[in-house]
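>>> Provide a 3D model corresponding to the input given below.
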Amino acid sequence: MNGWFLAAGALLAAAFFVHVFSGNRFYSAARPEDPAARPEAYEAWLMGRCGVQMISVDLFLAAGFLLLSGLGLLPRSFWLEVFLLSVFGGWGVFWLVSLACEKAGGRHYLRLCHWVLFFVLFGLVLGGVFG
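So this is what the prediction gives:
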């Protein structure tokens, strides 16, 4: 058993449910009132909406792999571990870069603190790799 992977998997499973339900409600609030008035705005919103749901799949699959690996039901895979470290580290870095590029104020760094989750997951997986 690998407690680091189990903790990361449990955290990801929780994030999956929060993302599907709360994230869905949050994103719905940004839907343009009249999609016909500005079709390009509606298409941009719709692309983002679909992207949000695609991330739910990433969260679900990563949670499954980490939980199964943590329980010893999947054999350890160096390349899967490197992949997950790259995903979580990349998500954290790109989230912060995106906020910086949009000149988001400090309040947004705290309100949209997904980057913290990504770096915690990175640390947990790293702990599992070397623990």
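
>>> against the centre of this structure, work out the most remote residue.
What lies farthest from the middle of the chain is A37; by CA atoms, centre = their mean that is 32.3 Å.

>>> and it, backbone torsions?
Main-chain dihedrals, A37, degrees, to the nearest 10: phi -70, psi -40.

>>> distance check, L121 against E33.
Computed with CB to CB, to the nearest Å, the distance linking L121 and E33 is 36 Å. All C-beta atoms are positioned from the backbone trio N, CA, C, and that covers glycine.

>>> ok so, going back, any idea how far the residue farthest from the centre of the chain is from V116?
Distance of A37 to V116, computed by CB to CB: 37 Å.

>>> what does D34 give?
36 Å.

>>> ok, now P75?
According to CB to CB, P75 and V116 sit 31 Å apart.

>>> looking at the two, which one has more neighbours?
For P75 versus V116, the count of surrounding residues by other CB atoms under 10 Å is larger for V116: 13 against 8.

>>> state the pLDDT value of that one.
Note for V116: predicted pLDDT of 96.

>>> for the lengthiest helix in the chain, name the packing helices and strands.
Scanning the chain for the helix with the most residues, using DSSP state H, yields helix 39-70. Contacts defined by 3 or more CB pairs under 8 Å, 6 or more residues apart in numbering; DSSP states H and E place helix 39-70 against helix 3-18, helix 24-28, helix 78-101, helix 114-130.
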